[in-house]
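Q: how does the following fold in three dimensions:
(2 chains, ligands or ions: 2)
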Amino acid sequence: MSERLDEVPDASQRAGREAGGESAHPRPALQKRRFGRRMRRSRSAAVAPSTFDIRDLLSESLAGLLQRPARSALTAMGTVLGVGTFVAILGLTSTTSSQIDARFSVLTATEVNVEDVASDRNPYAGLAFPKDADRRIEALNGVKDAGVYWTVRLDEANSVRSSPASKEGERSTVVAASPGVLRAADPTMAQGRTFDAFHEEHAEQVAVIGAGLASRMGITTLETHPAIFIGDTPFTVIGIVADVERKANLLLSVVVPRSTGLALWGEPTDEPAKMLISTQIGAARQIAHEAPTALRPDHPEYLRSIPPPDPKTLRADVTSDLSQLFLLMAAVCLAIGAVGIANTTLVAVLERTGEIGLRRALGARGRHITLQFLAESAALGSWGGLFGTSLGTLTVLLVAVLRDWTPVIHPGTVAAAPLIGLCTGLLAGLYPALRASRVQPAEALRR
Amino acid sequence: MTARHHHVPPVIEFRSTALTYPGPPPVEAFKPCTLRVGRGDFVSVVGPSGSGKSTFLNIAGLLDAPTGGTYLLDGMDTGALKDAERTALRGRRIGFVFQSFHLLPHRTALENVILGMTYNGVPRTERAARARQTLVRVGLSGRLDALPTRLSGGERQRVAIARAVAGRPSLLLCDEPTGNLDTRNAESVLTLLEELHADGMTVLVITHDPAVAARGRRTITIRDGVLDEQGPGVAAS
Ligand SMILES: Nc1ncnc2c1ncn2[C@@H]1O[C@H](COP(=O)(O)OP(=O)(O)OP(=O)(O)O)[C@@H](O)[C@H]1O
Ligand SMILES: [Mg+2]
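A: Ligands and ions are numbered 1, 2, ... in the order given. Prediction:
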């Protein structure tokens, strides 16, 4: 702090300078003083300076706060709310986005779907996917597996049965899929295997079924080459799938080769054909972009690809609108908190004018008074910040427990929040504290 | 003391010292005057209300700086000092006692006396012991932990006096120290001031009560900002 800021000249001294000619001996006094100032450096050792160390500062300001505990607590309330909201918003935001991150696994990030939308454009276009669709897509850089599939439309007579004689059919769907679909879905086989290019090429009557369906149909082993019937057509079950990573509804379906489905039941009718592509990490969006052209250079518009959602935009979508609003509210709370502290400190300065005068009479410098009031408001702000941080953290914990989420609070948030409180207090106390140092001791003591 | 052979400067020395409050209109509250108050003196300053008694005390106590002339405290020209030095000098050399006590209401008698040694360089470790000692000295050994609100007026003023002298100032300035007290309490305070004087303290008491003024060894009258003394030591300039 500069000398000028913290030492306010006593009233009459300043008054003498201001009054100019009106004062009794203004000019000579002024000149003498200026001269004296120049000489002073060598003589100033005669007066040992006033003392007020950090421990005095702390104990005096703490005493000042504890004298009015209720008022101090209420004053800090605005900061508590502001910092609390701040921590809660940031905590909840990071908690929900980590929640999204958890759901948004690598699997989702490496999946591209392509839909046949040809019938929207041209009712006579037929199946938009070419026969060699899998090969075309798998030739692209970054593609792991790709396959075309659709749900076969079956009437009542053509339901899935364990034998041609049984009346009761399973109400399970039949999916015609090229071999790449089963690879891309990343299945875990309970028994057997998935069909391959050979089965596809020869339109073999083979099927891969889910474990649940298998047990309902009484199929326990594949060693006996069990068959199932779709309508009256027999299919050899060559694989039982325990689980899949993608397209969970495959578990509930009878999956047959695409060519077989096409031969037996024709092109897809009510539900358009789709393609499932699994990609290398990071390649999905590029592949989604290239796929329609690679499949149908002549009519890329017949196909629509659906890239995986961008995790960043996904997170932003969820968090941005609300959290920005709440952060604004937190800022408003903080501002209100600052005004509250400023107001209370100013009132305290006015109330304690006599005390300030007394302290000045006891040898306190203007800067000691400033520091004391600044320390009080800073302590109020920090206390509000600490309390607000705990409240905000508790809120995040509570919400996380209720929603069964993992609470995530960035350590930086927890560290910064009390500091925000401290800064609020310091900023709010600045004006009242400077005003306190300008109190004229003679005037203050007259009360 | 070797100082006996030296020239011992007076505690207070006014040389044509004057103070004019800069209005408007400007008020010549303290007209130029010359005055010496020696070490160990007990001076009463009497005068009617508005005569300039407090103005005089404020100059002597470095709470206000004169607008004319020179004021030497303990031989030091106070006009040549920076504000920080004047403040430090005030804290170390002068003890104040006010009519309205100015005790902090939430602090005990002991804590109030300790406050008097916070700014003038008394080491923290010594403050409590010295405060206790001083409170015993002013006859309040039983009321160390009492809050001011629980003390009688005379006891409060004795706490204030203890606060003023605990830092061992060279000058004790009292502005109407008995103004708020009944006769009995006033008597106890005056007795205490006499005792302190007897111990060697330089005491200056401002009062409008002639009976109080009579307790001083020397009486100065002030009227319309003009000092006047019955006896030697003061001269209008
Ligand atoms: N800050 C000021 N500005 C202008 N005039 C002032 C100021 N302070 C005091 N005065 C005037 O100076 C004169 C002397 O005032 P002072 O306070 O010294 O009187 P006093 O003798 O102490 O009176 P009392 O016995 O009532 O306390 C009065 O006329 C008063 O109105
Ligand atoms: Mg007065």
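Q: buried residues, the helix or strand containing residue A:92. List them.
A: Taking DSSP states H and E as the definition, residue A:92 sits inside helix A:69-103. Buried residues in helix A:69-103, counted by 16 or more other Cβ atoms under 10 Å in any protein chain shown: A:72, A:75-97, A:99. Placement of C-beta: from N, CA and C, glycine included.
Q: buried ones in the helix or strand that it is followed by?
A: The helix or strand immediately downstream of helix A:69-103 is helix A:106-109, counting by DSSP H and E. Using 16+ other Cβ under 10 Å as the test for burial, helix A:106-109 gives residue A:109.
Q: what strands line up against the helix or strand following helix A:106-109, and which way round?
A: Using DSSP H and E, the next helix or strand after helix A:106-109 towards the C-terminus is strand A:111-116. With DSSP bridges as the test, strand A:111-116 is paired with strand A:274-279 (antiparallel), strand A:303-306 (antiparallel).
Q: where do the helices sit along chain B?
A: For chain B, helices defined by DSSP state H occupy the ranges B:53-60, B:83-93, B:109-115, B:124-137, B:153-166, B:183-198, B:210-213.
Q: reformat these as TSV; add distance to ligand 1 and mean pLDDT.
A: Formatted as TSV, those follow (distance: least, Cβ to the nearest ligand atom, whole Å; pLDDT from 0 to 100):
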stretch	distance to ligand 1	mean pLDDT
helix B:53-60	3	94
helix B:83-93	18	94
helix B:109-115	24	96
helix B:124-137	28	94
helix B:153-166	17	94
helix B:183-198	16	92
helix B:210-213	13	90
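Q: adding distance to residue A:344 and mean neighbour count, write those helices out as CSV.
A: Shown next, in CSV, are those (distance: least, Cβ to Cβ, whole Å; neighbours: other Cβ atoms under 10 Å in any protein chain shown):
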stretch, distance to residue A:344, mean neighbour count
helix B:53-60, 31, 25
helix B:83-93, 27, 23
helix B:109-115, 23, 24
helix B:124-137, 29, 17
helix B:153-166, 28, 25
helix B:183-198, 36, 17
helix B:210-213, 42, 16
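Q: of all those helices, which lies closest to residue A:283?
A: helix B:124-137 (71.2 Å; Cβ to Cβ).
Q: which residues touch that closest one?
A: Residues outside helix B:124-137 that contact it (Cβ atoms under 8 Å, 6 or more residues apart in numbering or on different chains) are A:53, A:55-56, B:109-110, B:113-114, B:116-118, B:122, B:141, B:143-144, B:159, B:162, B:165-166.
Q: now the residue in chain B positioned nearest to chain A: how far from residue B:97?
A: Distance from chain A to each residue of chain B (Cβ to the nearest Cβ) is smallest for residue B:91, at 1.5 Å. Per Cβ to Cβ, to the nearest Å, residue B:91 is found 15 Å from residue B:97.
Q: the nearest residue to the residue of chain B closest to chain A once chain neighbours are set aside: neighbour count?
A: Excluding the flanking residues, the one nearest residue B:91 by Cβ to Cβ, 6 or more residues apart in numbering or on different chains is residue A:363, at 1.5 Å. Using other Cβ atoms under 10 Å in any protein chain shown, residue A:363 has 27 neighbouring residues.
Q: now do the one 4 residues further on
A: Taking other Cβ under 10 Å as the neighbour definition, residue A:367 ends up with a count of 21.
Q: which residues touch the residue nearest the centre of chain B?
A: For chain B, residue B:173 is the residue whose C-alpha lies nearest the centre (Cα atoms, centre = their mean; 0.6 Å). Neighbour list for residue B:173: B:57, B:60, B:61, B:94, B:95, B:96, B:97, B:204, B:206 [criterion: Cβ under 8 Å, 6+ apart].
Q: okay, the fifth one and ligand 1: tell me how far apart.
A: It refers to residue B:95. 19 Å (Cβ to the nearest ligand atom, to the nearest Å).
Q: quick one: that residue from residue B:160, how far?
A: Plainly put, residue B:95 is 9 Å away from residue B:160 if you go by Cβ to Cβ.
Q: before we move on, what about the second one?
A: Relative to residue B:160, residue B:60 is positioned 18 Å away (Cβ to Cβ).
Q: same question for residue A:199.
A: Distance, residue A:199 to residue B:160, by Cβ to Cβ: 107 Å.
Q: equivalent analysis for residue A:281, please.
A: Distance, residue A:281 to residue B:160, using Cβ to Cβ: 80 Å.
Q: can you get me a residue count around the closest residue to residue B:105 other than its chain neighbours?
A: Using Cβ to Cβ, 6+ apart and skipping residues adjacent in sequence, the residue nearest residue B:105 is residue B:148, 5.7 Å away. Residue B:148 is flanked by 19 other residues according to other Cβ under 10 Å.
Q: residue A:325 too?
A: By other Cβ under 10 Å, neighbour count at residue A:325 equals 11.
Q: in a helix, it, correct?
A: Yes. Residue A:325: assigned to a helix according to DSSP: H, G, I helix; E, B strand; the rest coil.
Q: surely residue A:144 touches residue A:184?
A: Yes. Look at residue A:144 against residue A:184 with Cβ atoms under 8 Å: they come within range, at 7.1 Å.
Q: between these two, what contacts are shared?
A: What both residue A:144 and residue A:184 touch, as defined by Cβ under 8 Å, 6+ apart, is the set residue A:278.
Q: residue ranges of each domain in chain A, please.
A: Following automatic domain parsing, chain A resolves into domains at A:54-103+A:313-445, A:129-298.
Q: what's the first-to-last distance across the first one?
A: Here the two ends of domain A:54-103+A:313-445 are set 26 Å apart, with distance taken as Cα to Cα, to the nearest Å.
Q: looking at this, residue A:239 is in a strand?
A: Yes. With three-state DSSP as the criterion, residue A:239 is part of a strand.
Q: pLDDT at it, what is it?
A: In this prediction, residue A:239 carries a pLDDT score of 92.
Q: residues contacting it?
A: Counting by Cβ under 8 Å, 6+ apart, residue A:239 makes contact with A:189, A:191, A:192, A:193, A:194, A:195, A:208, A:209, A:222.
Q: just residue A:220 next, same as before
A: residue A:214.
Q: pLDDT score for it?
A: The model's pLDDT for residue A:220 equals 86.
Q: helix/strand/coil for it?
A: Secondary structure of residue A:220, per three-state DSSP, is coil.
Q: now it: how far from residue A:211?
A: 11 Å.
Q: so how many other residues sit close to residue A:412?
A: Around residue A:412 there are 9 other residues, counting by other Cβ under 10 Å.
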